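# let's see this in three dimensions:
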Amino acid sequence: MSTQQKTGMIDELTQKLARLTEQKDTFDIEANRLAEKRNRLNEELRNLRTEIQELRSERDQTNEKVKELKQQRNTATARIHEEIEEIKKLGGERHDFSKKIPSRSHRALEEEVESIDWKIQTSSLTLQEEKDLVAKVKALETQLSVHRKVEQLNRKIDALHDEVKNLKAERERCHGALTAHSQKSQEIHAKMLAKIEESRKTKMEADGVHKRFLEERAKTKPLREEIVAVSCKIRQLKTEVREEHEKERKQSESLLRQTLENRAMEKLRRGEKLSWEEFQLLAEKGLTSKD
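Have a look, this model is predicted:
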């Protein structure tokens with residue numbers, strides 16, 4: 001192949017290399033665009049997973065609070081039942097004692113006891129009179145004990161009624177808070193499910209974009225291989241052309257040198273004066289005018 005043919009081939013290959021490079025660059029641009037989109041989607045996916053974890057943690061904490069409130073409500077309910085049972089028991093005792101309540105009031109009986117005690121302390125009484133009064137006080141105290149027992153039961157029952165009232169209020173408070181926390185838990189759970197669905201779709205999209213990215217990258221592989229092959233061929237041809245140019249230059253210089261030598265030898269035979277360059281040229285070959 002001649003140098004001219006090789007030069008023409010270099011031009012053709014250079015044009016082909018430009019087309020291949022442009023085509024590869026187009027694929028690279030698309031691949032880079034897809035890579036950026038994939039990375040952005042993966043970042044969104046990481047953020048969604050963080051949000052999901054935070055929502056799950058908040059939901060679990062809320063559920064723990066619901067569990068705690070249920071326990072408090074159940075405890076209050078159990079205590080209410082216990083207190084009501086105690087009220088019923090004490091009410092039964094009060095009912096039994098109420099049957100024994102004297103016709104005279106508690107105050108009237110106390111006043112009579114106080115009057116008898118005063119009489120015993122301040123009056124001159126015979127032994128029998130004193131014994132009769134003491135016996136009467138004892139009988140009155142027995143009647144008073146019934147009043148005192150009923151009053152004691154009334155106080156206990158009233159206190160239990162107050163406790164039941166407070167426990168019911170506590171149960172209602174727990175129930176209200178429980179309802180609010182249960183609703184909050186459901187709302188958080190719904191948000192979490194929505195985020196999970198969003199993350200699922202985002203992952204599917206990211207996987208799809210990554211697949212397209214790999215496809216675009218795959219398109220450039222044969223182009224890169226062909227670019228390398230064409231570049232190597234161009235370098236090879238350029239090297240050959242340089243070597244041929246160098247060979248032609250050396251041949252041209254050798255021919256010119258031979259022409260100059262022949263001309264100098266002819267001048268030397270004719271006895272003509274040599275130029276300094278002609279003299280040096282002949283001297284390099286060991287020829288002088290004396291020869």
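
# just how off-centre is stretch 174-186 within its chain?
26 Å (CA atoms, centre = their mean, to the nearest Å).

# how about it: buried residues?
Under the neighbour-count criterion of 16 or more other CB atoms under 10 Å, stretch 174-186 has 174-175, 177-178, 181-182, 184-185 buried. Using the backbone N, CA and C atoms, a C-beta is placed for each residue, glycine as well.

# stretch 9-24 too?
Those would be 10, 13, 17, 20-21, 24, for stretch 9-24 by 16+ other CB under 10 Å.

# distance between that stretch and the chain's centre?
That offset, for stretch 9-24, works out to 49 Å (CA atoms, centre = their mean).

# what residues does it touch?
1, 220, 223-224, 226-227, 230-231, 233-234, 237-238, 241 (CB atoms under 8 Å, 6 or more residues apart in numbering).

# of all the residues you listed, which two lie farthest apart?
Greatest spatial distance among these (CB to CB): M1 and T220, at 31.4 Å.

# give me the more crowded residue out of the two.
T220 (18 against 9; other CB atoms under 10 Å).

# and the more buried one, what does it touch?
T220 touches 24, 27-28, 31, counting by CB under 8 Å, 6+ apart.

# return the subset of those residues lying in helices.
Among these, the residues falling in helices (DSSP state H) are 24, 27-28, 31.

# so how far is K238 from the nearest residue to T3 once chain neighbours are set aside?
Spatially, and ignoring its direct neighbours in sequence, T3 is nearest to E244 (4.9 Å; CB to CB, 6 or more residues apart in numbering). Separation of E244 from K238 (CB to CB, to the nearest Å): 11 Å.

# okay, L287: pLDDT?
On pLDDT, L287 comes in at 62.

# hmm, back to that, let me know the closest of the buried residues of stretch 9-24 to E272.
I10 (48.4 Å).

# what about the closest one, which SS state?
Following DSSP: H, G, I helix; E, B strand; the rest coil, I10 is assigned to helix.

# tell me the SS of the nearest residue to K65 once chain neighbours are set aside?
Closest residue in space to K65, ignoring its immediate chain neighbours: H181 at 5.1 Å, by CB to CB, 6+ apart. Recorded secondary structure, H181: helix (three-state DSSP).

# mean confidence for the helix or strand encompassing L237?
Using DSSP states H and E, L237 falls within helix 127-269. For helix 127-269, the mean pLDDT works out to 89.

# brilliant, that's me finished.
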